[in-house]
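Participant: Let me see the structure of the following:
(2 chains)
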Amino acid sequence: GENVEQHPSTLSVQEGDSAVIKCTYSDSASNYFPWYKQELGKRPQLIIDIRSNVGEKKDQRIAVTLNKTAKHFSLHITETQPEDSAVYFCAVEAGTALIFGKGTTLSVSS
Amino acid sequence: GAVVSQHPSWVICKSGTSVKIECRSLDFQATTMFWYRQFPKQSLMLMATSNEGSKATYEQGVEKDKFLINHASLTLSTLTVTSAHPEDSSFYICSALIGPSGYGYTFGSGTRLTVV
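Facilitator: Numbers count the residues shown, from 1 in each chain, chains lettered A, B, ... in the order given. Model (predicted):
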């Protein structure tokens, strides 16, 4: 089955810095790659997604890049703010289900 | 649009009893739904995929006799944890496809199950 690796597991940055989280996957047939932000005890919230026919997508301070050949994709957050502090999960659509990475705890200090 | 309502949001039950969790799609027909389990500070682990009107497909290591999934209509999927034990205490989240593959997913608000 699909194997999703996510790094780093924790990331601490200063307010205003950039943060990058990377994920790799194993199934070359996968075509949909969303990123979620989850606060404690809440449902995951989609922050950005990318499909395999696109190499990069940007939404204000958030961007995702995809390298299908290398089977990895990354989340980029610029000008981080304290409210960006949360757990972030990458996911890969395998068949019809989403398989999640292990998560990255991002801490933004002011 | 594409809202999934999950109930209850939290439940406490005694060991040996069964607990039912419901997920309803409010404004769309959810042909395919998914159930995840999330332990504290861990990721969402896929338990099973359910398709309306057919048996659920369970992931390896998930006991289908313990975690009963029913998807009898296009708007309702249920997860019943049978003979619950303290190790079943976890956060359970349902999800549904909102369209064809690659169109995205919507998530329920989750159920915190505590077995005492």
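Participant: The helix or strand bottoming out on mean pLDDT in chain B and chain A in contact?
Facilitator: Every helix and strand in chain B was compared by mean pLDDT, DSSP states H and E; the lowest is strand B:67-73, with a mean of 92. No - counting by CB under 8 Å from any CB of the partner chain, chain A has no neighbours in strand B:67-73; the shortest distance is 13.4 Å. The way it works is simple: take the backbone N, C-alpha and C, and place the C-beta from them, glycine included.
Participant: tally of neighbours for the closest residue to B:Asn51 other than its chain neighbours?
Facilitator: Nearest residue to B:Asn51 in three dimensions, chain neighbours excluded: B:Thr32, at 5.4 Å (CB to CB, 6 or more residues apart in numbering or on different chains). Here the number of neighbours of B:Thr32 (other CB atoms under 10 Å in any protein chain shown) works out to 17.
Participant: what do you get for B:Ile93?
Facilitator: For B:Ile93, using other CB under 10 Å, the count is 25.
Participant: hmm, back to that, who touches the least confident helix or strand of chain B?
Facilitator: B:33, B:35, B:47-48, B:50-54, B:56, B:58, B:77-82 (CB atoms under 8 Å, 6 or more residues apart in numbering or on different chains).
Participant: Could you list which of those belong to strands?
Facilitator: Among the contacts of strand B:67-73, the ones falling in strands (DSSP state E) are B:33, B:35, B:47-48, B:50-51, B:58, B:77-81.
Participant: For those residues, which two are the farthest from each other?
Facilitator: B:Asn51 and B:Val81 (20.7 Å; CB to CB).
Participant: More neighbours: those two, which one.
Facilitator: B:Val81 (24 against 15).
Participant: so what's that one up against?
Facilitator: B:Val81 touches B:18-21, B:66-67, B:88, B:113, counting by CB under 8 Å, 6+ apart.
Participant: quick one: which of those is most hemmed in?
Facilitator: B:Ile21 leads the contacts of B:Val81 on contacts (other CB under 10 Å) with 23 neighbours.
Participant: So that residue belongs to a helix, correct?
Facilitator: No - counting by DSSP: H, G, I helix; E, B strand; the rest coil, one finds B:Ile21 to be strand, located in no helix.
Participant: That one pairs with what?
Facilitator: Beta-bridge partners recorded for B:Ile21 (DSSP bridges): B:Leu79.
Participant: interface residues of chain B facing chain A?
Facilitator: Counting by CB under 8 Å from any CB, chain B sits next to chain A at B:32, B:34, B:42-46, B:49, B:60, B:91, B:93, B:95, B:97, B:101-102, B:104-105, B:107-110, B:112.
Participant: Of the residues you listed, which belong to strands?
Facilitator: B:32, B:34, B:45-46, B:49, B:91, B:93, B:95, B:97, B:105, B:107, B:112.
Participant: My guess is B:Thr82 contacts B:Ser18. True?
Facilitator: Yes - at 4.7 Å, B:Thr82 counts as touching B:Ser18 under the criterion of CB atoms under 8 Å.
Participant: starting at the chain centroid, how far to stretch A:25-33?
Facilitator: Averaging C-alpha positions (CA atoms, centre = their mean, to the nearest Å) puts stretch A:25-33 14 Å from its chain's average.
Participant: now stretch A:47-62
Facilitator: Worked out by CA atoms, centre = their mean, stretch A:47-62 lies 10 Å from the chain centre.
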